[in-house]
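>>> Sharing a sequence plus its predicted fold:
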Amino acid sequence: MPVSTIGGYVMERKPTTIEALSDFVVRTRFEDLSTEAVNESKRLLLDCLGCALGGSTTDKGRWGLQFARKFFSGQPQATVFGFGDRLSVLGAAFANGELINSLDYDPIVPPGHISPFVIPSLWAMAEMGNASGKDVITACALAHEISHRVGKSLPNYRDIIEGKVVWPAVAGYSCSIFGGTAGVAKIDRFSKEKTAHALGIAGHIAPMQAHTAWKNHLPPSTTKYLLAGWISQGAITAASLAELGHRGDIEAMDGEYGFWRYAGAKKWDPSFCLDRLGEVWFFPPVTTFKPYPACRIMHGAFDCLSVIVERENLQPQEIESIRAYMESSVEEPLWQELKQVENHVDAQFNVAFTLSLVAHRLEPGPRWMDHDILNNSEIRKFMDKITYGVHPRYVEDLAKDPRSRTSRVEVVARGKTFVHEKRYIKGSPSPDPATYMTDEEMVAKFKGNAARILPSAKIDAAVDALRNLENIDDMGAAAKLFSL
């Protein structure tokens, strides 16, 4: 039990949320992870490294690398995925975060994109410190578990309020800095006290929650909902400052002046954050993987349209119109008013453009975001045939089961109307086993992404290493498998 000294008296007190999380980080060993936590951590790493390799051909991915090269060269501490540059851990973490998130193909762990904000920092530190694969898996599990717990204790853009899904006035993924910092602290084997100080510092340097502003201001910034490279650096910074001796705010999550308040949230539920901590792992059963390189809000419509065009063998020129019904977020300005496709970030959130890609049967993958596809006149002209809105049963189904993403597509072609509807979509955990992305599907996705930059022999070796990560003794040596 922690103690405080007040007026010369030593008094026991209840641990703060940060102290409880720090204790969880320090006492958790690889052997303490559930089988599900181990497996899902390895799948998250496989998926994210694949997304980074696929992102090597995007502008956003290259810009991140160019920035890191400009300011973080000279200390060859960690490797940039794909390209192989050896930069400082801050530089590698920045570049790798931007690469992972560049295609918007990376996984979802509620409250949303967590992985590109937490994996680059712990991976870079593991490489520099020659940590083991077991160390990386443990740090990855802790990083996602803590980010998920903190994020779900705050308002979420899928929360139902008075029968409606209401997007919070302030929302974002800044909470992931706590998970990223915890992952770094675990890799570096911090004490409980040092871990607590690191988390306290992380709370004070977390970036602003700009997600809501981003989706309302058009044209959208290409930095998207949060710059993955920046928050990856933030986690390393928080941990490193604590290691040097900085004192952190161990009350940074609690009370009237906690993180929730200065992050702009209207609620904070620490009971979820600490519920059965260390006994039950919350992140594995809610982890979602993306079969399409675009915003998840639109994936249900992609699934439905894909079924129709394949089942009926429809050619684009046969289609007169497409009407899609999807999540309520599609009513927000970003999805309703975004008409231009000037870059690949625009494309990732443009409903008509991405549905046009599906109608043209372009196989999902990095190819969706290539410049010649973005500027293809036939794909752009087809966008005029597409309209969309909210599925009338979306909120009702979501209230019954938060895994629901009820979607429907109606295609008019050959004088008929073809319809397909589904409640649970590919990549999401659900009662329907078909929505689960199998290990084989995950490997295929990785290989499709990695082929953008790596030779086939190296791709196979990388897959084998990630699927057997617990058997790797030195991440410094293993890092060479994931770049040229």
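Received the coordinates, thanks. What you are looking at is a predicted structure, and each value in this text was computed from that prediction instead of being measured. Numbering: from 1, shown residues only.
>>> Who's the closest spatial neighbour of residue 349, skipping the chain neighbours?
residue 295 (5.0 Å; C-beta to C-beta, 6 or more residues apart in numbering). C-beta: built from backbone N, CA, C; applies to glycine.
>>> That neighbour: neighbour count?
Around residue 295 there are 21 other residues, counting by other C-beta atoms under 10 Å.
>>> give me every residue that touches the residue sitting nearest the centre point of the chain.
Against the mean C-alpha coordinate of the chain, by C-alpha atoms, centre = their mean, the closest residue is residue 113 at 2.6 Å. Counting by C-beta atoms under 8 Å, 6 or more residues apart in numbering, residue 113 touches 101, 106, 173, 225, 226, 228.
>>> was I right about the residue nearest to residue 349 contacting residue 103?
No: taking C-beta atoms under 8 Å as the definition, residue 295 is not a contact partner of residue 103, at 11.2 Å.
>>> which neighbours do the two share?
Joint contacts of residue 295 and residue 103 (C-beta under 8 Å, 6+ apart) are residue 348.
>>> Would you list the phi and psi of residue 410?
phi -120, psi 120 (degrees, to the nearest 10).
>>> if I look at it, how far off is residue 328?
Separation of residue 410 from residue 328 (C-beta to C-beta, to the nearest Å) stands at 19 Å.
>>> What residues sit buried inside stretch 407-421?
Burial within stretch 407-421, assessed by neighbour count using 16 or more other C-beta atoms under 10 Å, is assigned to 407, 408, 409, 410, 411, 413, 418, 420, 421.
>>> Kindly indicate which of those residues lies nearest residue 470.
Checking the buried residues of stretch 407-421 against residue 470 by C-beta to C-beta gives residue 407 as the nearest, at 37.4 Å.
>>> for that closest one, which residues make a bridge with it?
residue 422 (DSSP bridges).
>>> now swap in the one 5 residues further on and tell me
Applying DSSP bridges to residue 412 gives these bridge partners: residue 321, residue 417.
>>> Spit out the contact partners of it.
319, 320, 321, 322, 418 are the contacts of residue 412 under C-beta under 8 Å, 6+ apart.
>>> Let me know whether the last one touches residue 308 as I believe.
Spelled out, that is residue 418. Yes: counting by C-beta under 8 Å, residue 418 does reach residue 308; the two are 4.8 Å apart.
>>> could you say which helix or strand contains residue 25?
helix 17-27 (DSSP states H and E).
>>> buried sites along whatever helix or strand comes next after that helix?
Moving toward the C-terminus from helix 17-27, the next helix or strand (DSSP H and E) is helix 35-54. Buried residues in helix 35-54, counted by 16+ other C-beta under 10 Å: 37-38, 40-54.
>>> repeat for stretch 235-245
So, applying 16+ other C-beta under 10 Å, buried residues of stretch 235-245: 235, 236, 237, 238, 239, 240, 241, 242.
>>> No more questions from me, cheers.
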